[in-house]
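In: Pasting the sequence and the predicted coordinates here, then a few questions.
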Amino acid sequence: MKHQTFIIALLFCFSLTGKLAVAQQVKEGPEFECLKKWSTGSEYLKNQEYDQAVPFFRQTIQCDKKLHPAKDSRKFVTVFDKLAECYFNMKQYDSAVMVYKEGFAEFQESQYIYKIGEMYHKSLKNYDSAAFYYREYFKLTKSNEELKRIAGMWVEAGKYKDAVAVYEEYLNIDTQDEETWRYVLDSFKSFYIRQYGKDRWFKRCEDFSKHFPKASKEFYIGDKLDELLKQGQYENAANTALEILKTDSAGKQTWWKLGKAYDALQKRKEALDAFEKAYQIDPNDADLMCDYAQSALDGGQLVKTWTLGAKAGQIKKFGRPYYLIGEAILDGIKKCSGNVLDMPAKEAYLVAAKYYDIAAQYPDTEKNAKVRASSCRQNGPTKGDCHMGALGKLAGSACYSWMLDKDYANPCK
């Protein structure tokens with residue numbers, strides 16, 4: 001047999017090192033018998049004959065206990081791992097678990113409990129059982145990293161509610177892990193708020209600020225300032241933003257909300273400056289561009305409104321950019337024609353109607369845009385204007401030269 005060859009080779013090694021006499025002694029005693037059982041089981045395991053290996057590993061455990069009653073003097077310390085491996089490969093998972101538990105009872109080695117968790121997690125994908133044994137391992141080791149392991153496993157399983165609960169437990173214990181704090185409060189924001197409420201989330205964000213005063217607060221600062229803006233606390237929002245900017249001047253959200261606060265306070269120049277700072281940090285945020293365009297509209301900067309709206313519409317499919325362009329055209333008509341409905345004004349109304357029609361195709365502006373488009377058409381050129389050949393005045397009107405698009409639908413066709 002192959003295991004006999006192994007034993008002969010082992011004895012040969014003894015002779016090469018000048019220990020043949022000792023080997024002869026071992027050959028004739030219980031130590032050698034125990035070694036034979038171990039080597040035979042190992043050979044069977046190597047050859048994937050798991051059912052044949054099991055009884056030899058069982059016998060190895062018994063003889064090792066008998067020969068070495070003191071646990072720290074045992075010779076075959078990995079026998080439980082090898083026996084569990086046999087049962088696992090035979091798909092006798094309960095038996096594998098029992099072997100690991102025997103190993104733990106014998107040596108009080110927490111790694112045996114961890115290995116049960118790993119078996120359920122990595123091999124069997126039984127996350128509930130894995131979580132139980134990982135949790136038992138955590139109780140034994142008191143290692144906070146095990147909580148992260150459990151939470152990460154729940155993320156892997158798609159059970160985000162369970163993951164957030166374990167991460168919350170972790171944050172209560174370890175306050176120095178900035179990466180995990182940010183990961184939980186930012187990446188899992190919606191799940192956290194759904195589970196614990198927005199007030200709790202804000203409280204955790206404040207805790208984050210205390211623990212890591214130099215860290216960027218971008219992931220939550222916009223929400224904090226939005227709460228103040230919703231409550232109409234515009235001065236408070238502006239002052240809070242300015243305070244944050246003293247230590248973190250690169251925060252898009254802070255500049256953005258500062259712009260909204262200033263706009264609400266009718267501080268037009270300050271609002272536009274703040275929006276421009278946010279826009280320079282991120283020139284591809286369509287929602288930011290629309291707020292910037294609205295502020296420019298409030299400040300009478302119609303070309304900027306149109307330009308920002310057109311770019312926002314290219315980045316994101318929603319109605320607000322086109323609605324803002326329509327609003328800019330209406331403001332331009334008031335500026336150029338006042339209450340006089342002359343021919344350039346009528347033609348400009350048709351251009352506005354075109355943009356409101358586009359805005360009406362999107363849910364966010366559909367209702368208001370339809371009303372606006374209808375009103376613009378009522379003020380547009382009539383059939384009588386067509387018969388009189390009065391169209392084309394818009395192109396020659398200097399007051400409307402700021403408009404970036406004069407290609408309106410001809411009402412006479």
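Out: Received the coordinates, thanks.

In: Roughly how far does residue 165 sit from residue 132?
Out: Going from residue 165 to residue 132 by C-beta to C-beta, to the nearest Å gives 15 Å. In short, each C-beta sits where N, CA and C put it, glycine included.

In: tell me the average confidence for the host helix or strand of residue 221?
Out: Element membership of residue 221 [criterion: DSSP states H and E] is helix 218-230. Across helix 218-230, pLDDT averages out at 93.

In: after it, next one along is what?
Out: helix 234-245.

In: buried stuff in that following helix?
Out: 234, 237-238, 240-241, 244-245 (16 or more other C-beta atoms under 10 Å).

In: go on, stretch 247-260?
Out: Buried-residue list, stretch 247-260, by 16+ other C-beta under 10 Å: 251-260.

In: cool, and stretch 394-409?
Out: The neighbour-count check on stretch 394-409 (16+ other C-beta under 10 Å) flags 394, 397, 400, 403, 408 as buried.

In: Kindly report the same for stretch 60-74.
Out: 60-61, 63-64, 74.

In: Among those residues, which one sits closest to residue 29?
Out: Residue 29 lies nearest to residue 63 out of the buried residues of stretch 60-74, by C-beta to C-beta, at 11.4 Å.

In: what about the closest one, distance to residue 140?
Out: Going from residue 63 to residue 140 by C-beta to C-beta gives 29 Å.

In: Repeat that for residue 259.
Out: 54 Å.

In: Can you check what pLDDT the model gives the closest residue to residue 58 other than its chain neighbours?
Out: Leaving aside its sequence neighbours, residue 58 sits nearest to residue 83 (C-beta to C-beta, 6 or more residues apart in numbering; 7.0 Å). pLDDT, residue 83: 97.

In: Residue 83: what's it in contact with?
Out: When contacts are counted by C-beta atoms under 8 Å, 6 or more residues apart in numbering, residue 83 touches 53-54, 57-58, 61, 99.

In: got it, and residue 342?
Out: Residues in contact with residue 342 (C-beta under 8 Å, 6+ apart) are residue 393.

In: Could you tell me how many residues sit around residue 76?
Out: By the criterion of other C-beta atoms under 10 Å, residue 76 has 20 neighbours.

In: Please name the residues that touch it.
Out: 34, 38, 60-61, 64.

In: The host helix or strand of residue 355 - contacts with which helices or strands?
Out: Residue 355 belongs to helix 343-359 when assigned by DSSP H and E. Applying 3 or more C-beta pairs under 8 Å, 6 or more residues apart in numbering; DSSP states H and E, one finds that helix 343-359 contacts helix 320-337, helix 366-379.

In: can you pull the contacts of the closest residue to residue 392 other than its chain neighbours?
Out: Once flanking residues are discounted, residue 392 sits nearest to residue 347: 7.9 Å by C-beta to C-beta, 6+ apart. For residue 347, the contacting residues are 380-381, 391-394, 406, 408, by C-beta under 8 Å, 6+ apart.

In: The strand or helix carrying residue 42 packs against which elements?
Out: Here residue 42, judged by DSSP H and E, is contained in helix 30-46. For helix 30-46, the elements it packs on are helix 2-16, helix 50-67, helix 79-89, judged by 3+ C-beta pairs under 8 Å, 6+ apart.

In: Make TSV from the buried residues of stretch 394-409 and add pLDDT and distance to residue 329 to it.
Out: Below are the buried residues of stretch 394-409 laid out as TSV (pLDDT from 0 to 100; distance: C-beta to C-beta, whole Å):
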residue	pLDDT	distance to residue 329
394	86	11
397	88	13
400	90	9
403	84	7
408	72	10
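
In: Among these, give me the pair with the biggest separation.
Out: Using C-beta to C-beta, the buried residues of stretch 394-409 reach their maximum pairwise distance at 397 and 408, which is 13.3 Å.

In: Now do the shared contacts for the two.
Out: Shared contacts of residue 397 and residue 408, defined by C-beta under 8 Å, 6+ apart, are absent.

In: quick one: stretch 217-227 to chain centroid distance?
Out: Distance of stretch 217-227 from the chain centroid (C-alpha atoms, centre = their mean, to the nearest Å) equals 17 Å.

In: what's the answer for stretch 216-230, then?
Out: The answer for stretch 216-230 is 18 Å, by C-alpha atoms, centre = their mean.

In: Kindly report the same for stretch 190-210.
Out: Taking the mean of its C-alpha atoms, stretch 190-210 sits 15 Å from the chain's own mean (C-alpha atoms, centre = their mean).

In: quick one: average pLDDT of it?
Out: For stretch 190-210, the mean pLDDT works out to 95.

In: List the buried residues for that stretch?
Out: For stretch 190-210, burial by neighbour count (16+ other C-beta under 10 Å) applies to 191-193, 201-202, 204-205, 208.

In: Now render those as JSON lines, adding distance to residue 227 and secondary structure.
Out: What follows is the buried residues of stretch 190-210, written out as JSON lines (distance: C-beta to C-beta, whole Å; DSSP: H, G, I helix; E, B strand; the rest coil):
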{"residue": "191", "distance to residue 227": "20", "secondary structure": "helix"}
{"residue": "192", "distance to residue 227": "16", "secondary structure": "helix"}
{"residue": "193", "distance to residue 227": "13", "secondary structure": "helix"}
{"residue": "201", "distance to residue 227": "11", "secondary structure": "helix"}
{"residue": "202", "distance to residue 227": "8", "secondary structure": "helix"}
{"residue": "204", "distance to residue 227": "15", "secondary structure": "helix"}
{"residue": "205", "distance to residue 227": "11", "secondary structure": "helix"}
{"residue": "208", "distance to residue 227": "17", "secondary structure": "helix"}
